[in-house]
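Engineer: from the sequence below, what's the structure:
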Amino acid sequence: MLLVLAAVLFAAFVINVSIGSFGATPLLGNVGEMLLLFAISIAFTAAVLKREAKKRTGE
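Structural biologist: Predicted coordinates for the structure are as follows:
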C-alpha cells in the first residue's frame, strides 16, 4: 500500500515537472514540489522498513 502511494505521488511529481517543461505553469511551485518529494521519500522509506520488519519476523 505504501509503495503504491509512493508511486502515485511520484507520478504526480513527474506530471508536474512535465507540465512545467512544456512551457505551461506547473500546478505546484518550488515549495509544493519539495513537500511532494518529502512525502514520496517518507512513503517509500516506510514501505521499505515495513517490508524489512516483516521479513525479519518471518511472516
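Engineer: okay, and Ala11 sits in which element?
Structural biologist: helix 2-21 (DSSP states H and E).
Engineer: please identify the buried residues of the next helix or strand after that helix?
Structural biologist: Counting by DSSP H and E, the next helix or strand C-terminal to helix 2-21 is helix 30-57. Neighbour-count burial for helix 30-57 flags 33, 36, 39-40, 43-44, 47 (criterion: 16 or more other CB atoms under 10 Å). C-betas here are computed from N, CA, C, even on glycine.
Engineer: wait, which of these is closest to Gly58?
Structural biologist: Closest approach to Gly58 among the buried residues of helix 30-57 (CB to CB): Ala47, at 18.9 Å.
Engineer: hang on, the closest one packs against Ala6?
Structural biologist: Yes: contact criterion CB atoms under 8 Å: Ala47 and Ala6 qualify, at 6.4 Å.
Engineer: quick check: angle from the helix holding Ala11 to helix 30-57?
Structural biologist: 160 degrees (axes from the mean of the first three to the mean of the last three CA atoms, to 10 degrees).
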